[in-house]
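Engineer: Just need the structure, nothing else, for what follows:
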Amino acid sequence: MTPQDLLRELEPVAEDNLNRHLSVAKPWHPHDFVPWDEGRNFAAMGGIDWDPEQSKLSPLARAAMVTNLLTEDNLPSYHRLISDSFSRDRAWRTWVDRWTAEENRHGIAIRDYLVVTRGVDPVALENARMICMGQGVDDPTGTGDHSVLPGVAYVTFQELATRVSHRNTGKVCDDPIADRLLARIATDENLHMVFYRNICAAALDLVPDDALEAISAVILNFKMPGAGMPDFRRNSVLLAKHGIYDLRQHLDEVLLPVLRKWNIFDRTDFTPRGDRIRDDLAAYLDQLAKDVLRFEEQRDRSLAREAARRARESV
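Structural biologist: Sure thing, here's the model as predicted:
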């Protein structure tokens, strides 16, 4: 089945899930999540420019907020990629445009919150945004295939990963306003994930082997779409170290729940080709579970050393 044929077969599923999404998604407004009375002018308007002492956020919270925001900022690239993977016709077009409009609120709200509260350096943030959007995103799946199957598999996992990251970022901000904002955004991400997960489930029923091949390729090559942003490696290590998004969450809260929902390891509709792909995927997940344990052991040792050093310095 060609990608175009598959899109036609999946269109009724997309329409049903679009209608479901519209029936359960609750409208919200970014301005309702920003403490505007904390705002004041910067130097260009007769006020004072940003200073690190003005931020109420910890270095961890700042790194997480900036990483999440810069990820959201590449929305034009995501819109282009999803439009190319799906289509600009009928239910597909309505969904892509609705999804884009909902995602755009996330960047608006986070940026307004950070600028008004002076949570991060707005000049550095704008410079990073320009770099991020100048690079864009071309192949987040890592497969080189821009058709519907790897596309919908990737966004299923990525939306869920983003939900986890936003929710955990809110918890470390030590600010009920930020926590409420990021919980609201995480709810959107979850609804988006459900749409894509249901489309992928239907694709598995139509073309089991091809869908599984795409899912497996996405998992083996998975990276977050912000991988090219400034300081991404340093910040992602910091976020993993402190439980914002780490290997354990990637495996236990993202990959495995979705694979269980799709019944990947108990399905009986794969051909021998699909069975081989499934066996390779199972072996990869087993190795990933071992990597998780090694990562956690190393992280625990590193955190213990840091705690001991702080204790010595406080004496």
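Engineer: residues of the helix or strand hosting Asp16 that come out buried?
Structural biologist: The secondary structure element spanning Asp16 is helix 3-24 (assigned by DSSP states H and E). Neighbour counts using 16 or more other Cβ atoms under 10 Å place 3, 6-7, 10-11, 13-14, 17-18, 21 of helix 3-24 among the buried residues. C-beta coordinates here come from the backbone N, C-alpha and C atoms, glycine included.
Engineer: And the next helix or strand past that helix?
Structural biologist: Moving toward the C-terminus from helix 3-24, the next helix or strand (DSSP H and E) is helix 59-73.
Engineer: Would you indicate which residues of that following helix are buried?
Structural biologist: Within helix 59-73, the residues that count as buried by 16+ other Cβ under 10 Å are 60-73.
Engineer: Arrange those in CSV, one row each, with distance to Pro272 and pLDDT as further columns.
Structural biologist: Written out in CSV, the entries for the buried residues of helix 59-73 read as follows (distance: Cβ to Cβ, whole Å; pLDDT from 0 to 100):
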residue, distance to Pro272, pLDDT
Leu60, 48, 95
Ala61, 50, 96
Arg62, 51, 96
Ala63, 47, 95
Ala64, 45, 96
Met65, 48, 96
Val66, 47, 96
Thr67, 42, 94
Asn68, 43, 95
Leu69, 46, 96
Leu70, 44, 94
Thr71, 39, 93
Glu72, 42, 94
Asp73, 44, 93
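Engineer: And these, which is closest to Arg105?
Structural biologist: Sorting the buried residues of helix 59-73 by distance to Arg105 puts Glu72 at the head of the list, at 9.3 Å, by Cβ to Cβ.
Engineer: Next, the contact list for the residue nearest to the closest one when sequence neighbours are not counted, please.
Structural biologist: Setting aside the residues directly before and after it, Glu72 is nearest to Gly107 in space (Cβ to Cβ, 6 or more residues apart in numbering), at 4.0 Å. Taking Cβ atoms under 8 Å, 6 or more residues apart in numbering as the contact definition, Gly107 lies against 69, 72-73, 75.
Engineer: The top helix by length along the chain packs against which elements?
Structural biologist: Under DSSP state H, the helix in the chain containing the largest number of residues is helix 272-314. Applying 3 or more Cβ pairs under 8 Å, 6 or more residues apart in numbering; DSSP states H and E, we find helix 272-314 packed against helix 208-220, helix 232-241, helix 247-249.
Engineer: JSON lines please, covering those and showing mean neighbour count, distance to Gln54 and mean pLDDT.
Structural biologist: What follows is these, written out as JSON lines (neighbours: other Cβ atoms under 10 Å; distance: least, Cβ to Cβ, whole Å; pLDDT from 0 to 100):
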{"stretch": "helix 208-220", "mean neighbour count": "22", "distance to Gln54": "41", "mean pLDDT": "96"}
{"stretch": "helix 232-241", "mean neighbour count": "16", "distance to Gln54": "21", "mean pLDDT": "90"}
{"stretch": "helix 247-249", "mean neighbour count": "17", "distance to Gln54": "31", "mean pLDDT": "94"}
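Engineer: Which of the ones you listed sits closest to Tyr284?
Structural biologist: By Cβ to Cβ (comparing all of the helices and strands packed on helix 272-314), the closest turns out to be helix 208-220, at 5.9 Å.
Engineer: Taking helix 3-24 as reference, get the angle to that closest one.
Structural biologist: Calculated by axes from the mean of the first three to the mean of the last three Cα atoms, to 10 degrees, helix 208-220 forms an angle of 70 degrees with helix 3-24.
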